[in-house]
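> Quick one, what's the 3D model for this:
(one chain, ligands or ions: 1)
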Amino acid sequence: MSQTNAIEARHTIKAFGQGDSAHRALDDVSITIRKGEFFTLLGPSGCGKTTLLRLIAGFEMPTAGDILIDGAEVTDLPPNKRPVNTVFQSYALFPHLTVAENVGFALKMLGRPKAEVAEVTARMLALVKLEHLAGRKTAQLSGGQQQRVALARALAPHPKVLLLDEPLSALDLKLRKEMQVELKRLQMETGITFVFVTHDQEEALTMSDRIGVMSAGKLQQVGSPREIYTRPVNRFVASFIGETNFLPAKPVAGGVKLGCGAVVEAEGEGHTLTVRPEQLRLVAANEPGAIAATVENLVYFGTDTHLNLRLSDGEALVARVQSPPTGDAGFAMGQAVGVTFLPGAARLIRD
Ligand code: ATP
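This is a model prediction of the structure:
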């Protein structure tokens, strides 16, 4: 089996505008996407994720840098000469054609034999569970059904890479969740490399093999959902994915010193300590080694209780602890408590 990557972008820059008003939508992005993986580009609006996808598709040319698909340089190739296909947020189906005609369209244009077009179309419709609607005009479909047709149409020519630009954002929450599962299944069954763009961190965490987190035209971190969540490299990644705490911290002999004077263990590099609310443990106020804190507020969420804590130097922490199965939360406002971190949970990060 070939070991080449599905996609490689090397030192890619994309600037829009001229001279002083030029704006770098992509600012020296290098990224490698492996064959057969579900890779998500995640970031807030305007971070450059769509621009990167459009460069891979060939709808835009890079200002500098190279794009490789399947090991071959494609930077100068037009979109139709690249072994990729794109699914957009707006499905752009042909309304006057039936579902089956939409799905078979690309193969027909490629001049494939009728029997092959029919066979692939039937297989794709089965894959997205739309066999029963093959003869219907696409204008007479629901949003979710139209999205499935768009997917089947894009998968029919069996591209090496499928690019998906926020394809689920027009769907309501329930349908979006169903389609997330569906997309993941389609990716696994076809083995095609998916590059998925979203600003929704939960969507990225649940579907992806790996995630590339972007901000301000730069790739901030690439890793598995677990790596990104448990080992964020900087403040942006830590705060964009999930809820977290930040405390100013200084590396000292034997650990990291917080503003309140407590010395704790933390891995990583930088002058900010980050720890997730669910990684805090509340113990007795006088427990040796625990950070002294006061409960300022507590909110009961059923299985969880969220506590707002204040440290002696004025810094705040949020803790999420399991509610006791019976009785009250076990804490009261104004109560003095001790705080410890789960082993390995606290990390130092760069700003
Ligand atoms: P969204 O989630 O809102 O689509 P995005 O992360 O996909 O955001 P891009 O669409 O890649 O962001 O845009 C990145 C930056 O480049 C933005 O500041 C945008 O305004 C700018 N930009 C994108 N396309 C063009 C263009 N054709 N001309 C000028 N500026 C552009």
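
> so A64 bridges to which residues?
A64 has these beta-bridge partners by DSSP bridges: I13.

> Surely it touches T12?
Yes. A64 is within contact range of T12, at 7.3 Å (criterion: C-beta atoms under 8 Å). Backbone N, C-alpha and C define where each C-beta goes, glycine included.

> in stretch 178-193, what's buried?
By neighbour count on 16 or more other C-beta atoms under 10 Å, the buried set for stretch 178-193 is 179-180, 182-184, 186-187, 190, 192-193.

> how does this structure divide into domains?
7-233, 243-349 (automatic domain parsing).

> Tell me where this protein has helices.
For the chain, the helices defined by DSSP state H cover 49-57, 99-109, 114-127, 143-155, 173-190, 201-207, 225-230, 235-240.

> now those as JSON lines including distance to the ligand and mean pLDDT?
Output for the helices of the chain, formatted as JSON lines (distance: least, C-beta to the nearest ligand atom, whole Å; pLDDT from 0 to 100):
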{"stretch": "helix 49-57", "distance to the ligand": "3", "mean pLDDT": "96"}
{"stretch": "helix 99-109", "distance to the ligand": "25", "mean pLDDT": "93"}
{"stretch": "helix 114-127", "distance to the ligand": "28", "mean pLDDT": "93"}
{"stretch": "helix 143-155", "distance to the ligand": "18", "mean pLDDT": "89"}
{"stretch": "helix 173-190", "distance to the ligand": "16", "mean pLDDT": "89"}
{"stretch": "helix 201-207", "distance to the ligand": "13", "mean pLDDT": "93"}
{"stretch": "helix 225-230", "distance to the ligand": "17", "mean pLDDT": "94"}
{"stretch": "helix 235-240", "distance to the ligand": "12", "mean pLDDT": "94"}
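
> which of the domains of the chain is buried the deepest?
domain 7-233 (a mean of 18; mean count of other C-beta atoms under 10 Å).

> how long is that one from one end to the other?
Using C-alpha to C-alpha, to the nearest Å, the end-to-end distance of domain 7-233 comes to 24 Å.

> I'd like the distance from it to the chain centre, please.
13 Å (C-alpha atoms, centre = their mean, to the nearest Å).

> Same question for stretch 332-342.
33 Å.

> Could you tell me the end-to-end distance of that stretch?
Using C-alpha to C-alpha, the two ends of stretch 332-342 sit 23 Å apart.

> what comes into contact with that stretch?
264-265, 275, 279-287, 289-298, 309, 317, 319, 331 (C-beta atoms under 8 Å, 6 or more residues apart in numbering).

> Apply 10 Å and report the result again.
For stretch 332-342, contacts defined as C-beta atoms under 10 Å, 6 or more residues apart in numbering pick out 245, 262, 264-266, 273, 275-276, 278-298, 307-309, 311, 317, 319, 331, 346-347.

> ditto for stretch 304-317
Under C-beta under 10 Å, 6+ apart, the answer for stretch 304-317 is 243, 245-248, 258-262, 275, 277-278, 280, 282, 291-300, 318-324, 328-331, 333, 335, 337, 339.

> out of the residues you listed, which touch the ligand?
When C-beta under 6 Å from any ligand atom is applied, no member of those is adjacent to the ligand.

> Which of these fall within strands?
Within the contacts of stretch 304-317, residues falling in strands by DSSP state E are 245-248, 258, 275, 280, 282, 291-300, 318-322, 337, 339.

> Which residues are in contact with E287?
So E287 contacts 281, 337-340 (C-beta under 10 Å, 6+ apart).

> Name the nearest of those residues relative to G17.
V339 (49.3 Å; C-beta to C-beta).

> I'd like the distance between the closest one and the ligand.
37 Å (C-beta to the nearest ligand atom, to the nearest Å).

> what residues are up against the nearest residue to that residue once chain neighbours are set aside?
Sequence neighbours aside, I291 is the residue nearest to V339 in space, at 4.4 Å (criterion: C-beta to C-beta, 6 or more residues apart in numbering). By C-beta under 10 Å, 6+ apart, the contact list for I291 reads 247, 258, 260-264, 280, 283, 309, 311-312, 315, 317, 337-341.

> Pull up the gap between I291 and Q335, please.
15 Å (C-beta to C-beta, to the nearest Å).

> Check K114 too.
Using C-beta to C-beta, K114 is found at 76 Å from Q335.

> check contacts around the residue nearest to I192 when sequence neighbours are not counted.
Closest residue to I192 in three dimensions, ignoring its sequence neighbours and counting by C-beta to C-beta, 6+ apart: L162, at 5.3 Å. Applying C-beta under 10 Å, 6+ apart to L162 gives the contacts 38, 84-87, 151, 154-155, 183, 186-187, 190, 192-196.

> next one: R185
127-128 are the contacts of R185 under C-beta under 10 Å, 6+ apart.

> quick one: which of the buried residues of stretch 178-193 is nearest to R235?
Checking those against R235 by C-beta to C-beta gives Q180 as the nearest, at 27.8 Å.

> show me the contacts for that closest one.
Per C-beta under 10 Å, 6+ apart, neighbours of Q180: 168, 171, 196, 198, 200, 202-203, 206-207.

> still on that earlier bit, output the contacts of E287 as JSON lines; include the columns pLDDT.
Formatted as JSON lines, those follow (pLDDT from 0 to 100):
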{"residue": "R281", "pLDDT": "94"}
{"residue": "V337", "pLDDT": "95"}
{"residue": "G338", "pLDDT": "96"}
{"residue": "V339", "pLDDT": "96"}
{"residue": "T340", "pLDDT": "96"}
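
> want to throw those residues into JSON lines with distance to Q221?
Compiled in JSON lines, these are given as follows (distance: C-beta to C-beta, whole Å):
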{"residue": "R281", "distance to Q221": "27"}
{"residue": "V337", "distance to Q221": "33"}
{"residue": "G338", "distance to Q221": "33"}
{"residue": "V339", "distance to Q221": "27"}
{"residue": "T340", "distance to Q221": "27"}
